[in-house]
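Asker: Could you work out the structure for the sequence below:
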Amino acid sequence: MGEAKQKVLKAQKAVVLDTFGGRIHVEWDPAAAVTPLGQLPFFIEFLKVSGLFDAWVQDCPLSYQSNNAPDKRAVLSTFLLSILAGHHRYAHITGIREDSVHPGLLGVTGLVSEDAARRALIRIDESAGIVWLDRHLAKTTQPLLSTPWILDLDTTIKCLYGKQEGAVVGYNPHKPGRPSHSYHSALMANTRLALGVEVMPGNETAPAHSMPGIWAWLDQLAPHERPTLLRGDIAYGNESVLHEAEARNQPYLTKLRLTTNVKRLITRLFARTDWQKAGHGWAGREDTLQLSGWTRARRVVVLRRRLKGDVVLSPKDDPQGTLAFIESAVATTGYEYAVLVTSTDYPILTIAQLYRDRADAENNFDELKNQWGWGGFTTHDLKRCRLIARMVALIYNWWNLFVRLANPQKHHEAITSRPLLLHGVATQTQHGGQTTLTITSQHAKQAAIQAVLTRLAAFLRSLKSTAEQLTDSQRLHLILRRAFAKFLRATAGPPVLLASGISGM
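Answerer: Below you'll find the model as predicted:
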């Protein structure tokens, strides 16, 4: 009779629809153990074997006094699943709250609501929260610092549309006059890993606001862990940044604004015939230059490339002066110019390619803002924006390490890696004390995906069984060595070329 009542209940909930394929009956079963992120358990095993998630939860400075308060592991599990799913708003957490599969795999009974998630960030002391998240961000990159690497520094703008703290009108090339936050970021070139991020008001986009923290962090590193090159865009080509780098004997490569004295240098060099090939149609010529306000003369590399077709130059189209017609008695028009300043002694071709490789940092920003959560999770206070920005960067690093384990030869952005390694309808069943997850992937490469995930699970299983005596940090070191094997291999060329991926130049 009990089964009969259930059948009657289901029959009452069923909806009959007429489709081009015939009549169908639609019914809902909210109690079914089904999830659209069916391949997430592979990532959960990665987090468990590496010890990343447990250590993150244990160190979290979140505490509650009430017996009815949520568990901090459930709070962090909610943030993990929400950020992995590509959410941009706290309200999107509602879409994963009824997941009946993954909370148990993360060691919690359920997920928290969007309001509980917001309130949890309020309860975390800002200073303690920043130290906590920065420490775990460093864990994902620390073993890689012993190999030659490049530090990319840049700032991106996050437009705001409400009355948030720090929503100030500042430099905004795409939406002038729109209040914003500025995200100052440090990235490890070519690994696509975030080293750190700081959220500041929209009118604090200049490096002067973030560089004190960068210098303090670099001073804490051992000499062999420091970057072989500090690389920044036109905003970092000023005396304060260059002087501090030279005081620390830190090699750098930045771009200069096309000021009057820089244009005079271009005019003076234009008629020279000893321009060298700099790749991609560019020609280069080096010289020394001491601008007003500089304390010393520095090596500069002037690059030029002939323009093709009709080019109309305007400040709106060219905010950084990459395209510039130098008006002078010498016929210098018809070219675009870039002037780089560096403390290294690499040849012109290498310098030009190294700066072109800096464009990869823009790909990081595009991925973090549009495919992860840097473009969202906005609150009225700046404190929670700072915490969630670091949390997004941390989970972004975790996912990148996992994807690199699956394919060490190539970086996959989230728009590609999520359908490949995360999405898939999964049904959980239990029988005889055994839990089985049946995954149905609709991806055209499902056979290849299954093979990759099976090999990845075998690697993690072997790591867990053969390295039981190792600590979590030692296991993570082995994972990083496998994920970034191509960056850690020995080379006879200049070390900076290995990190930038141009050793074959």
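Asker: tell me the helices in the stretch 101-250 of the chain, going along the chain?
Answerer: 102-105, 114-123, 126-139, 211-220, 239-247 (DSSP state H, counting those that start in this stretch).
Asker: buried ones in the third one?
Answerer: If I follow you right, that is helix 126-139. G129, I130, W132, L133, D134, H136, L137, K139 (16 or more other C-beta atoms under 10 Å). In this view, the C-beta of every residue, glycine as well, is placed from N, C-alpha and C.
Asker: re the thing from before, same list, the helices of the stretch 101-250 of the chain, but as a markdown table with mean pLDDT and distance to D472 please.
Answerer: Below are those laid out as a markdown table (pLDDT from 0 to 100; distance: least, C-beta to C-beta, whole Å):
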| stretch | mean pLDDT | distance to D472 |
| --- | --- | --- |
| helix 102-105 | 92 | 19 |
| helix 114-123 | 95 | 25 |
| helix 126-139 | 95 | 9 |
| helix 211-220 | 95 | 22 |
| helix 239-247 | 96 | 35 |
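Asker: So for T260, which of those helices sits nearest?
Answerer: Taking C-beta to C-beta, helix 239-247 is the member of those nearest to T260, at 16.5 Å.
Asker: tell me the mean pLDDT for the longest helix along the chain?
Answerer: Counting residues, the longest helix found in the chain (DSSP state H) is helix 382-406. The predicted model assigns helix 382-406 a mean pLDDT of 95.
Asker: Check stretch 355-369 too.
Answerer: Stretch 355-369 comes out at a mean pLDDT of 88.
Asker: quick revisit: what angle do the longest helix of the chain and helix 126-139 make?
Answerer: 10 degrees (axes from the mean of the first three to the mean of the last three C-alpha atoms, to 10 degrees).
Asker: need the helices for the stretch 351-500 of the chain, in chain order.
Answerer: Ranges of helices in the stretch 351-500 of the chain, per DSSP H, counting those that start in this stretch, are 360-370, 382-406, 414-421, 446-466, 472-483, 485-488, 495-500.
Asker: beta partners of G196?
Answerer: A186 (DSSP bridges).
Asker: Spit out the contact partners of it.
Answerer: If you count contacts by C-beta atoms under 8 Å, 6 or more residues apart in numbering, G196 has them with D134, L137, S185, A186, G213, W217, R390, A393.
Asker: pLDDT at the third one, what is it?
Answerer: Going back to what we said before, that points to S185. 94.
Asker: so it touches K158, yeah?
Answerer: No. At 11.5 Å, S185 does not count as touching K158 under the criterion of C-beta atoms under 8 Å.
Asker: The two - which one has more neighbours?
Answerer: S185 (24 against 19; other C-beta atoms under 10 Å).
Asker: so how far is G162 from the more buried one?
Answerer: For S185, the distance to G162 equals 23 Å [C-beta to C-beta, to the nearest Å].
Asker: again, but for E126
Answerer: From E126 to G162 the distance is 21 Å (C-beta to C-beta).
Asker: How is this protein partitioned into domains?
Answerer: Structurally, the chain divides into domains by automatic domain parsing as follows: 1-71+125-233+358-505, 250-354.
Asker: end to end, how far does the last one reach?
Answerer: From the first residue to the last, domain 250-354 extends over 16 Å; the measure is C-alpha to C-alpha, to the nearest Å.
Asker: for stretch 50-64, same thing?
Answerer: Using C-alpha to C-alpha, the two ends of stretch 50-64 sit 28 Å apart.
Asker: Any buried residues in that stretch, and which?
Answerer: Residues of stretch 50-64 classed as buried: S50, G51, L52, F53, A55, W56, V57, C60, L62 (neighbour count, 16+ other C-beta under 10 Å).
Asker: for these, which one is nearest L17?
Answerer: Within the buried residues of stretch 50-64, proximity to L17 (C-beta to C-beta) peaks at F53, which comes in at 42.1 Å.
Asker: Could you report the pLDDT at Y335?
Answerer: For Y335, pLDDT reads 85.
Asker: contacting residues around the closest residue in space to it that isn't next to it in sequence?
Answerer: Computed as C-beta to C-beta, 6 or more residues apart in numbering, the closest residue to Y335 that is not its neighbour in sequence is R304, at 4.6 Å. The neighbours of R304, taking C-beta under 8 Å, 6+ apart as the test, are I266, F270, W275, W282, A283, G284, Y335, E336, Y337.
Asker: can you redo those as a markdown table with secondary structure, neighbour count and distance to R386?
Answerer: Converted to a markdown table, the contacts of R304 look like this (DSSP: H, G, I helix; E, B strand; the rest coil; neighbours: other C-beta atoms under 10 Å; distance: C-beta to C-beta, whole Å):
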| residue | secondary structure | neighbour count | distance to R386 |
| --- | --- | --- | --- |
| I266 | helix | 22 | 41 |
| F270 | helix | 18 | 47 |
| W275 | coil | 16 | 47 |
| W282 | strand | 21 | 39 |
| A283 | strand | 18 | 44 |
| G284 | strand | 22 | 41 |
| Y335 | strand | 18 | 43 |
| E336 | strand | 19 | 38 |
| Y337 | strand | 21 | 38 |
